[in-house]
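Asks: Sequence and predicted structure below; questions after.
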Amino acid sequence: MTIAATAADTTVQTVTYATLFGGVLVGAIVPVIPTGALVSAAAASALYSEHPITALLVVAVGAIAALLGDMALFSICSLPVGDRLLAWLRRRAGPDLLERSHRQLDNHGIRVLILSRLIPGGRIPIMAAALILKLSWRWYLAGDSVAALAWSVIYAAIGVLSGSIFDEQWKGIALAITLVVLVSVGPALWKRLRHHSTAKSQQSVSAPVDAAE
């Protein structure tokens, strides 16, 4: 490989890591960015570089950015100026899910915190419940360190698996993003469809009764 090609590859990797770090960091603070897709896409892309071991760097960068973002959000919400943000997190979680998260933290403690980051939509309710319970940032840091690393490993593994299937880089990245979207949106979509189906069934059952009356 020529010096120019090596320099170009290094530049691409640097931009990839910087984008990954910034995207995951911001996405952890503002929970609307699909951060898992960023990690998976970066890991899939790393397989096509001259040094596939860089997939391990993707795991490290993703985990550090996720942890810093989580702790930044937790710290902001712990301050008096973060009351509005905490109220928004509570509304986003919903009262039923927040109450269930509250009970889970009471019963299982740090294990729930670790698992919450691995479940799509589970991070925010548990964080809000931890803030309401006024758990210390040290306690949250201890659990979230493990959670962020496990989260990064899982999504990087999705990217590596996707990238290993195709010879073309764009196909591997596209598959990785598609799988992450399905993992993230699938449970919520399935739950919504079941709720809609149940409501429709109840209406169909009550209709004959109403007609008879």
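Replies: Good, I have the coordinates.

Asks: which one is Tyr48 nearest to, not counting chain neighbours?
Replies: Nearest non-adjacent residue to Tyr48, counting by CB to CB, 6 or more residues apart in numbering: Gln169, 4.5 Å away. All C-beta spots, glycine's among them, are computed from the backbone N, C-alpha and C.

Asks: for that neighbour, what are its contacts?
Replies: The contact partners of Gln169, taken as CB atoms under 8 Å, 6 or more residues apart in numbering, are 44-45, 48, 163.

Asks: Among the residues you listed, which one is most surrounded by other residues?
Replies: For those, the largest number of neighbours (other CB atoms under 10 Å) sits with Ala44, at 31 neighbours.

Asks: immediately after the helix or strand encompassing it, which helix or strand?
Replies: Secondary structure from DSSP states H and E places Ala44 in helix 35-46. Next helix or strand after helix 35-46 toward the C-terminus (DSSP H and E): helix 54-78.

Asks: That following helix packs against which elements?
Replies: For helix 54-78, the elements it packs on are helix 3-29, helix 35-46, helix 83-93, helix 123-132, helix 137-165, judged by 3 or more CB pairs under 8 Å, 6 or more residues apart in numbering; DSSP states H and E.

Asks: what's the closest of those to Gln104?
Replies: In terms of CB to CB, the element of the helices and strands packed on helix 54-78 nearest to Gln104 is helix 123-132, at 7.5 Å.

Asks: So for that closest one, mean pLDDT?
Replies: The pLDDT scores in helix 123-132 average 80.

Asks: buried residues in it?
Replies: 123-132 (16 or more other CB atoms under 10 Å).

Asks: what's the angle between it and helix 137-165?
Replies: 170 degrees (axes from the mean of the first three to the mean of the last three CA atoms, to 10 degrees).

Asks: Run through the neighbouring helices and strands of helix 123-132.
Replies: helix 54-78, helix 83-93, helix 95-108, helix 110-116, helix 137-165.

Asks: Least confident of the ones you listed, on average?
Replies: Among these, helix 95-108 scores lowest, with a mean of 67.

Asks: For Leu175, see how far away Ala44 is.
Replies: 8 Å (CB to CB, to the nearest Å).

Asks: tell me, what's touching those two both at once?
Replies: Joint contacts of Ala44 and Leu175 (CB under 8 Å, 6+ apart) are Ser162.
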